[in-house]
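**Student:** this one's structure only:
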Ligand code: GAF
């Protein structure tokens, strides 16, 4: 029976060929199927997901591919091209968070989360290849979780509705790998559609597939990898999350989502810590910027979202304090070269910047950013243009 997530129209690209070839050489057998899940770029709505707020990501064409087949034995075996190694784990390992370390935790975590939810997860052999850049804030871990989840659900014919999958993949990351992320990245990887941005209400998990046809508007999203070295990302992320949660408690609301933007000043007046006030202001105004962006996209006014993107960056820079000099430089240089708007995307402290540009200007904007980097002695950035691709599904 066809899975709900099938995308038979997807071409089997080089990554899929590498996963399949890897499977064949590692296991001396053919996979029974091939599944893929994308990385993501978040158009707007940063650090709003764990505040029960709004996000608007789209799927990248870059994907993580899993070639897989069921296995008679008792251990899951997983080969990763990127890691250059093969690991295996049994039921006991998958029953106890932390027993499988490193990249394998994201695979064992999916088995764990599915089993915890009562599913009879098939034992399998997997081979994984990916062209989602690692550690660039483009959700390589969510792509891995989502690809593995989609593959195992199909292989075992598990009854896991698409709408329930992001929470399972997030649980793998929170509960097994120990990363306190929100639900955005897994939702993007699993639920995005080509040519659309995914408007997600992180409280109700309601989604709207918002038209985002850049090419038709003569526009492009330039993704610039800041190449900034990672700086305490995990600890800072957890600290921002804790500050938001304690502010919500102090304000007597379930989450910062419940602070209305027209009541923001009154709410801020009730908080005595200046840093916490700025954190709250970011989240509340960022939620409103997502809503405003969605309104413009619904009306087909794509270029007009530029100022919202740039305002989002300023909010992350001065209020949430999650940017670094490399990303600020990339944003400023992109704007100086004529971008409609630019902002850091993802959790922060490095990672990528996105710039909304005329399609014909993408090269000029990228070279202006490179030049600004050279002047400041930063490691050269890399850049590519991104079009919204499909979410996770079976591709072979
Ligand atoms: C990371 C997290 F994984 C997401 O859940 C989200 O909080 C994001 O940072 C910030 O918007 O990607």
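**Tutor:** That came through fine. A quick note: this is a predicted structure, and the numbers were derived from the prediction, not measured.
**Student:** use CA for all of it now, contacts and neighbours both
**Tutor:** Noted.
**Student:** Identify the spatial nearest neighbour of residue 54, chain neighbours not counted.
**Tutor:** Residue nearest to residue 54 in three dimensions, not counting chain neighbours: residue 201, with 4.9 Å by CA to CA, 6 or more residues apart in numbering.
**Student:** Check residue 257 too.
**Tutor:** Counting by CA to CA, 6+ apart, the residue nearest residue 257 is residue 53, at 5.1 Å.
**Student:** Would you state the strands of the stretch 51-200 of the chain in chain order?
**Tutor:** Secondary structure of the stretch 51-200 of the chain (DSSP state E, counting those that start in this stretch): strands at 54-55, 57-70, 76-80, 85-89, 124-130, 196-201.
**Student:** now the helices: where do they sit in this protein?
**Tutor:** Under the criterion DSSP state H, the chain contains helices at 14-27, 91-95, 104-116, 140-155, 165-171, 184-191, 233-251, 264-269, 274-298, 306-314, 325-336, 362-376.
**Student:** Dump those into JSON lines; add distance to the ligand and mean neighbour count as well.
**Tutor:** Shown next, in JSON lines, are those (distance: least, CA to the nearest ligand atom, whole Å; neighbours: other CA atoms under 10 Å):
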{"stretch": "helix 14-27", "distance to the ligand": "23", "mean neighbour count": "19"}
{"stretch": "helix 91-95", "distance to the ligand": "22", "mean neighbour count": "17"}
{"stretch": "helix 104-116", "distance to the ligand": "13", "mean neighbour count": "25"}
{"stretch": "helix 140-155", "distance to the ligand": "8", "mean neighbour count": "28"}
{"stretch": "helix 165-171", "distance to the ligand": "8", "mean neighbour count": "25"}
{"stretch": "helix 184-191", "distance to the ligand": "5", "mean neighbour count": "31"}
{"stretch": "helix 233-251", "distance to the ligand": "8", "mean neighbour count": "16"}
{"stretch": "helix 264-269", "distance to the ligand": "20", "mean neighbour count": "14"}
{"stretch": "helix 274-298", "distance to the ligand": "10", "mean neighbour count": "20"}
{"stretch": "helix 306-314", "distance to the ligand": "11", "mean neighbour count": "22"}
{"stretch": "helix 325-336", "distance to the ligand": "15", "mean neighbour count": "22"}
{"stretch": "helix 362-376", "distance to the ligand": "23", "mean neighbour count": "18"}
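**Student:** Among the ones you listed, which comes closest to residue 33?
**Tutor:** Counting by CA to CA, residue 33 lies closest to helix 140-155 out of the helices of the chain; the figure is 8.0 Å.
**Student:** The closest one - contacts with which helices or strands?
**Tutor:** Helix 140-155 sits against strand 33-42, strand 57-70, helix 104-116, helix 165-171, helix 184-191, strand 393-394, with contacts defined as 3 or more CA pairs under 8 Å, 6 or more residues apart in numbering; DSSP states H and E.
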